[in-house]
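Asker: Here is the input, now give the coordinates:
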Amino acid sequence: MNKTEMAVKLAKKAGLSQGKAAEVLDVIFSAQPGKGIIATELDAGRKVTVPGFGTFATRQRAARTGRNPATGATITIPAKHYVYFKPGKTLRERVEK
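Answerer: This is a model prediction of the structure:
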């Protein structure tokens with residue numbers, strides 16, 4: 001399912017216009033700087049929990065050494081933050097069926 005298909009389904013279920021439904025999705029999920037509730041909270045180092053659905057949060061990966069597969073040379077892979085999603089119990093159980 002893509003964003004347009006999701007907007008159509010949201011519009012039907014919530015009784016909104018398709019344009020308004022797309023706007024709601026943008027407000028929640030946009031990854032553009034300064035937009036998107038979830039991305040803004042993650043930028044601030046906070047997690048977003050939707051009970052029954054799951055949790056969006058960030059983690060930090062430490063710097064480590066690796067190998068360049070083309071040359072075999074040892075390289076340093078820098079530390080970085082990354083986003084992860086942990087599904088909630090209700091969602092996990094529904095998908096497992």
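Asker: neighbouring contacts of stretch 66-86?
Answerer: 42, 54-65 (C-beta atoms under 8 Å, 6 or more residues apart in numbering). Every residue, glycine included, has its C-beta placed from N, CA and C.
Asker: how about 6 Å then?
Answerer: Contact partners of stretch 66-86, identified using C-beta atoms under 6 Å, 6 or more residues apart in numbering, comprise Gly54, Thr55, Phe56, Thr58, Arg59, Gln60, Arg61, Ala62, Ala63, Arg64, Thr65.
Asker: now swap in stretch 43-59 and tell me
Answerer: Contacts for stretch 43-59 (C-beta under 6 Å, 6+ apart): Ile38, Glu41, Leu42, His81, Val83, Tyr84, Phe85, Lys86, Pro87, Gly88, Thr90, Leu91.
Asker: Kindly export the one helix or strand the first one maps to (C-alpha atoms) in PDB.
Answerer: Assigned by DSSP states H and E, Ile38 falls within helix 37-43. Coordinates of each C-alpha in helix 37-43 appear next as PDB, following Å, rounded to 0.1, in the frame of the first residue of the first chain:
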ATOM      1  CA  ILE A  37       5.000  14.600  14.100                       C
ATOM      2  CA  ILE A  38       6.900  11.300  14.400                       C
ATOM      3  CA  ALA A  39      10.100  12.500  12.700                       C
ATOM      4  CA  THR A  40      10.100  15.700  14.900                       C
ATOM      5  CA  GLU A  41       9.800  13.700  18.100                       C
ATOM      6  CA  LEU A  42      12.600  11.300  16.900                       C
ATOM      7  CA  ASP A  43      14.800  14.300  16.100                       C
END
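Asker: Could I get the buried residue list for it?
Answerer: Ile38, Ala39, Leu42 (16 or more other C-beta atoms under 10 Å).
Asker: who does the helix or strand just after it pair up with?
Answerer: Next along the chain after helix 37-43, taking DSSP H and E as the criterion, comes strand 48-50. Paired neighbours of strand 48-50 in the sheet (DSSP bridges): strand 54-61 (antiparallel).
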